[in-house]
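Student: sequence unknown, structure follows:
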């Protein structure tokens, strides 16, 4: 098991046909494709990335699998401009840099915090946000160190936050958070 398989297992139990889901960090398109399969033809997946390389890669993967998603070249911090408040069942984040891409381009806490705040408003009651933090190597420590206390401080009357860490893994294992809107 890894962070991807863990998050996908949780998401598969949560998402239903016809749902609206967001891939906040499109990357290579694996989460968008996974979500598109879950929501089916009557659902919708909206995926964001700031890098054209990621949008192109996600589009190619989706096309190769006969799936569709709305791919938007924009920051996840602007997701509220594309979706209605209270309409989204699941939002998925993979924080870090584009796998196989330019390591100088990576997520930052300021835009991630803004995206999480907007995303929590977009979630419907009972909606789920999955945030996986990949922080090793040459990026991500600052984002991780700011994100941990931020998530811990979310209002427990409105949200339940569960942390899943690969506790005995060496070399900066990813951390996944599951935030349920109560």
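Tutor: Structure's in. What do you need? It should be emphasised that the depicted structure is a prediction, and the values quoted were computed from it without experimental measurement.

Student: alpha carbons only for contacts and neighbour counts from here, please
Tutor: Noted.

Student: Strands along this structure, start to end?
Tutor: With strands called from DSSP state E, the chain shows them at 20-23, 44-49, 70-73, 88-95, 123-133, 159-165, 175-181.

Student: Show me the residue at the heart of this structure, geometrically.
Tutor: The centre of the chain sits closest to residue 93, judged by Cα atoms, centre = their mean, with a distance of 1.7 Å.

Student: and that one, how far is that from residue 14?
Tutor: 16 Å (Cα to Cα, to the nearest Å).

Student: just residue 135 next, same as before
Tutor: 26 Å.

Student: Compare those two and say which one has the larger neighbour count.
Tutor: For residue 135 versus residue 14, neighbours defined as other Cα atoms under 10 Å are more numerous around residue 135 (23 against 15).

Student: does that one really touch residue 174, like I thought?
Tutor: Yes - using Cα atoms under 8 Å, residue 135 makes contact with residue 174 at a distance of 6.9 Å.

Student: ok so, going back, so of the strands of the chain, which one's packed in deepest?
Tutor: Comparing the strands of the chain by mean neighbour count (mean count of other Cα atoms under 10 Å), strand 20-23 comes out on top with a mean of 27.

Student: what separates residue 61 from residue 67, distance-wise?
Tutor: Applying Cα to Cα, the value for residue 61 to residue 67 is 8 Å.

Student: what's the overlap in contacts for the two?
Tutor: Each of residue 33 lies in contact with both residue 61 and residue 67 under the rule Cα atoms under 8 Å, 6 or more residues apart in numbering.

Student: that older thread, the closest residue to the residue nearest to the centre of the chain other than its chain neighbours and residue 67: what is the separation?
Tutor: Excluding the flanking residues, the one nearest residue 93 by Cα to Cα, 6 or more residues apart in numbering is residue 131, at 4.6 Å. As judged by Cα to Cα, residue 131 and residue 67 stand 23 Å apart.

Student: and if you look at residue 45?
Tutor: Note on residue 45: its distance to residue 67, by Cα to Cα, is 10 Å.

Student: shared neighbours, these two?
Tutor: Here residue 45 and residue 67 have residue 36 as joint contacts, going by Cα under 8 Å, 6+ apart.

Student: where along the protein do the helices fall?
Tutor: Along the chain, counting by DSSP state H, helices occupy 3-14, 30-39, 52-64, 109-122, 141-152.
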